[in-house]
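A.B. asks: structure, please.
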Amino acid sequence: MKKNTLLYIIPACIILLTSCSKELSYEGEYDVKSYYNGVDPRQNLVFFSQPFAEIIIPFIGTTSIGAEVEASMLIATTRPVEKDNRFALEVLKSDDIALAGYQTREFIGVDKVKIAESTCVIPAGMGKTTAKLSVNMEGLKINSLLPVRLVKEESSVFFPSTNRGLQLLTFKDEQVITLKNQVFEKAVTLTSKETIVSGGTKIDLSVLSSLKLKEGYTVNLVRADEVAKDYPGRLKDYQLAPDNMFPKFDAKSLDEVNVVDFSFELKGLNQFTEAKKIYMPMKIVIFDKDGKNIELLKNKADVLIQLDIDVSKMVLTTEELTTALSKEGWSITASKRPNLAPYLIDGINSREWYGSGEDVTVTLDMKGERRIDGVMLENTSPYPSPTGYTIYVSNDGVKWEKVSNKILASTKKVTIKSLETINAHYMRFSLSFGSYGYLTEITVYGK
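C.D. replies: As a prediction, this is how the structure comes out:
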């Protein structure tokens, strides 16, 4: 990576840990009786004001972006100094005994660090200063640790504190590249006249960049069958989509942009003639100017499209249905709160039925075979409506035919029309809810 690309200067985010001592320790280092003409040595200590810090730096996956990052460390003394006092900063090696509890971490070597010597001075009359160092970001890994220790200069009258003379800098990542959406779930309804896709056929997919890069990176959206292995539960009962459904893109530049659009329209849906669940696994791939693949973090590049395809004779509509059937003599039952079910066909909007949970059904007996042109389900109460409706019909109340896939709607009035002739004696509504849902009336249209 070029050294003159970018210089990121990111202030350290200091995090105090409760396990840190609030006392400035000197035990074992100083002779209280003879040191500094009998003055208590705690009056002559230099220390890091806050010994733990996180520095947030830009990454693409596990690759750091830019040339250098600067870190600032607040240094203080237990009293103002009479004249300029120098101190030194030492980058510890990973085998230092002070780092015994951090051996599982990745350490930044001294060869990666430049210390601004001009900042290692506490000016006369002051009791604090800000020391600075810079770290070469090339090859830097996420959560790398940089341990820095205060060292006494020979001319200084201040001694480093035993327990606060060590600063641990942790380099955390801020991912530059993210996806606007990663998982898309759509219900596809196959009818005798058309194919209807919930929310439309467009897959709205964009790659977002929090920085305007100048590094020659490119990005592409590609098919990636291996993505499926990370989603075994989600993809249960799903089959891989046919090849002709996967879009193909040319790589696009990431330079000087914040959004790269990879939106596309679903195609090939007309090849299906029966109910099926399919998925399309894809992923974002990024390359540097030399063509090297820059991997994003695990699952952060994944794109998963799930299509629940079903054959339906009834669909959601905004059309007004015309001929409502008389409900005189009809009966109705419900799997939950059956005592309230008759309110759904009594024509009185001030009385309602409500349900909650899963596998809740309402079954309507129309006391004879009827031609069903559509149905309207209303909720005039101030409470939420059901969120999903699946419709079945039967002529004997034993064998049921599914005539709609799950229709997602949570409005106060849901109108569903028939696309072809449906004749039935019974109708059954399988309902789903957010937490609970109310209905006040069910009206069937037809002849």
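A.B. asks: surely residue 90 is within a strand?
C.D. replies: Yes - assessed by DSSP: H, G, I helix; E, B strand; the rest coil, residue 90 belongs to a strand.
A.B. asks: around it, how many other residues sit close by?
C.D. replies: By the measure other Cβ atoms under 10 Å, the count of residues near residue 90 is 15. From N, CA and C alone the C-beta is placed, and that goes for glycine too.
A.B. asks: just the element for residue 389, please.
C.D. replies: strand 388-394 (DSSP states H and E).
A.B. asks: whoops, I mixed them up, residue 300
C.D. replies: With DSSP H and E as the test, residue 300 turns up in no helix or strand.
A.B. asks: residues in contact with it?
C.D. replies: 61, 175, 178, 179 (Cβ atoms under 8 Å, 6 or more residues apart in numbering).
A.B. asks: which pLDDT value goes with it?
C.D. replies: You'll see residue 300 listed with a pLDDT of 95.
A.B. asks: look up how far residue 443 lies from it.
C.D. replies: 49 Å (Cβ to Cβ, to the nearest Å).
A.B. asks: show me where the stretch 251-400 of the chain has its strands.
C.D. replies: 252-253, 259-261, 264-265, 276-287, 293-294, 302-311, 314-316, 331-334, 353-356, 360-378, 388-394 (DSSP state E, counting those that start in this stretch).
A.B. asks: what are the pairing partners of the last one, and which direction each?
C.D. replies: It refers to strand 388-394. strand 401-402 (antiparallel), strand 407-408 (antiparallel), strand 423-432 (antiparallel) (DSSP bridges).
A.B. asks: distance from that strand to the middle of the chain?
C.D. replies: Here strand 388-394 is found 35 Å from its chain centre; the criterion is Cα atoms, centre = their mean, to the nearest Å.
A.B. asks: contact partners of it?
C.D. replies: Outside strand 388-394, the residues that reach it (Cβ under 8 Å, 6+ apart) are 314, 372, 375, 377, 400-409, 414, 416, 422, 424-432.
A.B. asks: show me what contacts residue 137?
C.D. replies: By Cβ under 8 Å, 6+ apart, the contact set of residue 137 is 8, 57, 64, 65, 66, 67, 68, 69.
A.B. asks: on that earlier part again, can you tell me which of the contacts of residue 300 is nearest residue 163?
C.D. replies: residue 175 (34.9 Å; Cβ to Cβ).
A.B. asks: just the endpoints, please. Distance across stretch 149-169?
C.D. replies: Terminal residues of stretch 149-169 lie 11 Å apart, using Cα to Cα, to the nearest Å.
A.B. asks: can you say which of the contacts of residue 137 are buried?
C.D. replies: Listed as buried from the contacts of residue 137 are 8, 57, 64, 65, 66, 67, 68, 69; burial here means 16 or more other Cβ atoms under 10 Å.
A.B. asks: below-threshold pLDDT in the protein: ranges please.
C.D. replies: 1-42 (pLDDT under 70).
A.B. asks: in a helix, residue 105, correct?
C.D. replies: No - according to three-state DSSP, the state of residue 105 is coil, so it is not within a helix.
A.B. asks: what number of residues lie near it?
C.D. replies: 16.
A.B. asks: do residue 360 as well
C.D. replies: 18.
A.B. asks: do the same with residue 229
C.D. replies: Residue 229 sits with 9 neighbouring residues when counted by other Cβ under 10 Å.
A.B. asks: in a helix, it, correct?
C.D. replies: Yes - counting by three-state DSSP, residue 229 is located in a helix.
A.B. asks: circling back: of the buried ones among the contacts of residue 137, which is the nearest to residue 247?
C.D. replies: Nearest to residue 247 among the buried ones among the contacts of residue 137, with distances taken as Cβ to Cβ, is residue 65, at 28.6 Å.
A.B. asks: for that closest one, which non-adjacent residue is spatially closest?
C.D. replies: residue 58 (4.4 Å; Cβ to Cβ, 6 or more residues apart in numbering).
A.B. asks: show me what that neighbour is bridged to.
C.D. replies: residue 174.
A.B. asks: offset the numbering so it begins at 11, please.
C.D. replies: Happy to do that; since the first residue is 11 now, the last one works out to residue 68.
A.B. asks: now for it, how many residues are close by?
C.D. replies: 21.
A.B. asks: thought it was touching residue 221?
C.D. replies: Yes - the pair residue 68 / residue 221 is scored as a contact, 6.1 Å apart, by Cβ atoms under 8 Å.
A.B. asks: quick check: neighbours shared by these two?
C.D. replies: 75, 186.
A.B. asks: one step back: make TSV out of the contacts of residue 310 and add secondary structure and distance to residue 204.
C.D. replies: Putting these into TSV (DSSP: H, G, I helix; E, B strand; the rest coil; distance: Cβ to Cβ, whole Å) gives the following:
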residue	secondary structure	distance to residue 204
71	coil	43
185	strand	41
188	strand	36
189	strand	31
